[in-house]
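J.: model this:
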Amino acid sequence: MNTAETPGPAVRLAEYTTLRLGGPVRRLVTAATSADLVAAVRSADDTGEPVLLLGGGSNLVVGDDGFAGTLVQIANTGWTRDGDIVDVAAGQEWDTFVAELVDHGLGGLECLSGIPGSVGATPIQNVGAYGCEVAESIVSVELYDRSAREVRTVKADELGFAYRTSVLKGTDRGVVLSVRFRIDPSGASAPIRYAELARTLGVETDAKVPAAQGREAVLGLRRGKGMVLDPADHDTWSAGSFFTNPIVREDTLTNIAESTGGKVPQYPADGGVKLSAAWLIERAGFGKGYPGPGGRVSLSTKHTLALTNRGAASTADLLALAREVRDGVEARFGVRLHPEPLLVNCSL
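T.: Alright, predicted model coming up:
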């Protein structure tokens, strides 16, 4: 066993989340291998202890009262390659893995550079950015099924991938142990579909570029929006994009266009049209840097889709700002925004 256990009173989730928010946990168990991860979860289940799985902490909003159970830190790391398939441990830091792929002359995931968090979290919410989603590259996921009490492999077509979701989201029945991705051994990037990224690279949409070039361009764009972690920059004390881009019907889009008198950014989507949550937020009166309670939280000064901790905030402060933005957008446009992070012991 390579698990390490820490008693709870000294452990606060604020120490483990990118928002730097969250109250105490009863105890912390760090699992350094997949076997240890299975054993830790199984042991907690045997005693009826609530479990919260922790990867990079970049997609968690935890209440100020914390979590009355065991926090299991997923700390298995490393990856192996077999031809065009790579098998990556769930606890591996995502961006370190992407950087290593690029350094090895391997392409396909560079458009997802700079995203904080761990590899194991990526299939759960079908992580995506700049025109790419992990669903396009995932081959399978190895997970521990808590109901069946067994480790099994789930193929990509069984995961129910959709925009920022999968069958794994909203349930803790499956504990991701590792993820297999298909990559491009030639070193070419995924097709550049996102217009802003294509302009930055000086290429047409759907073109490919060397993976290293694509990664550098994506990192530059993300830094400009405060979306690359930097302890000195409070704009990065966030959970990334707080709201998902809403998918609406054509008549809703028409109403928004008429009410704003301008062109509405839109993207094709199953079941309707996807709109930019950031665009809606700005036009509902919430600009960059818009403050929440006491100025302890605010929208990022670089990107309106990120809610940030300015250094002395509480989770209650953050949620108050999130509700104000959500309700303001709904009042202005009739569109209800939904949070992207996982909310633990708190709600909007």
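J.: check the gap between the residue lying closest to G23 once chain neighbours are set aside and L54 for me.
T.: Counting by CB to CB, 6 or more residues apart in numbering, G23 lies nearest to G66, which is 2.9 Å off, once chain neighbours are set aside. C-beta here means a position set from N, CA and C on the backbone, and glycine is covered the same way. Relative to L54, G66 is positioned 13 Å away (CB to CB, to the nearest Å).
J.: those two: which is more packed in?
T.: L54 (25 against 22; other CB atoms under 10 Å).
J.: from R81, how far off is that one?
T.: 27 Å.
J.: one more: A313?
T.: Applying CB to CB to A313 and R81 gives a distance of 42 Å.
J.: show me which of those two is the more surrounded one.
T.: The residue with more neighbours, out of A313 and R81, is A313; 25 against 15, by other CB under 10 Å.
J.: looking at the more buried one now. What's its pLDDT?
T.: We have a pLDDT of 98 for A313.
J.: please name the nearest non-neighbouring residue to it.
T.: Per CB to CB, 6+ apart, closest to A313 is R296, 4.1 Å.
J.: who's in contact with the one you found?
T.: Contact analysis of R296 by CB atoms under 8 Å, 6 or more residues apart in numbering lists N309, R310, G311, A312, A313, S314, D317.
J.: please enumerate the helices of this structure.
T.: 34-47, 94-103, 195-201, 211-224, 250-260, 277-283, 315-333 (DSSP state H).
J.: can you put these in TSV and add mean neighbour count?
T.: Formatted as TSV, the helices of the chain follow (neighbours: other CB atoms under 10 Å):
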stretch	mean neighbour count
helix 34-47	17
helix 94-103	19
helix 195-201	16
helix 211-224	20
helix 250-260	14
helix 277-283	21
helix 315-333	19
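J.: need these in JSON lines with distance to I74, can you?
T.: Below are those laid out as JSON lines (distance: least, CB to CB, whole Å):
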{"stretch": "helix 34-47", "distance to I74": "6"}
{"stretch": "helix 94-103", "distance to I74": "12"}
{"stretch": "helix 195-201", "distance to I74": "30"}
{"stretch": "helix 211-224", "distance to I74": "24"}
{"stretch": "helix 250-260", "distance to I74": "39"}
{"stretch": "helix 277-283", "distance to I74": "29"}
{"stretch": "helix 315-333", "distance to I74": "22"}
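J.: among these, which is nearest K169?
T.: Closest approach to K169 among the helices of the chain is made by helix 94-103 (16.8 Å; CB to CB).
J.: local confidence estimate at E5?
T.: Looking at E5, the pLDDT reads 65.
J.: what's the answer for the one 5 residues further on, then?
T.: A10 is assigned a predicted lDDT (pLDDT) of 75.
J.: what about it, distance to S238?
T.: 25 Å.
J.: neighbour-wise, which of those two wins?
T.: S238 (27 against 10).
J.: tell me what the nearest residue to that one once chain neighbours are set aside is bridged to.
T.: Leaving out its chain neighbours, the residue that sits closest to S238 by CB to CB, 6+ apart is A306, at 4.3 Å. Applying DSSP bridges to A306 gives these bridge partners: S241.
J.: what's the burial count for A306?
T.: Neighbours of A306 (other CB under 10 Å): 24.
J.: what residues are up against it?
T.: Contacts of A306 (CB under 8 Å, 6+ apart): K225, G226, M227, D235, S238, A239, G240, S241, F242, L299, S300.
J.: check what pLDDT G261 gets.
T.: Value for G261, per-residue pLDDT: 87.
J.: now it: how far from R283?
T.: Taken as CB to CB, the span from G261 to R283 is 11 Å.
J.: likewise for T18?
T.: Distance from T18 to R283, by CB to CB: 27 Å.
J.: how many other residues sit next to the residue nearest to L143 when sequence neighbours are not counted?
T.: What sits nearest to L143 in space, not counting adjacent residues and going by CB to CB, 6+ apart, is G174, at 4.3 Å. Using other CB under 10 Å, G174 is surrounded by 21 other residues.
J.: quick check: beta-bridge partners of L52?
T.: Assigned bridge partners for L52, using DSSP bridges, are L71.
J.: my error: substitute V154 in the last question.
T.: With DSSP bridges as the rule, V154 is bridged to V141.
J.: that one: neighbouring residues, count only.
T.: For V154, using other CB under 10 Å, the count is 19.
J.: also V62?
T.: V62 has 29 nearby residues by other CB under 10 Å.
J.: so what's it bridging to?
T.: Residues in beta-bridge contact with V62 (DSSP bridges): V344.
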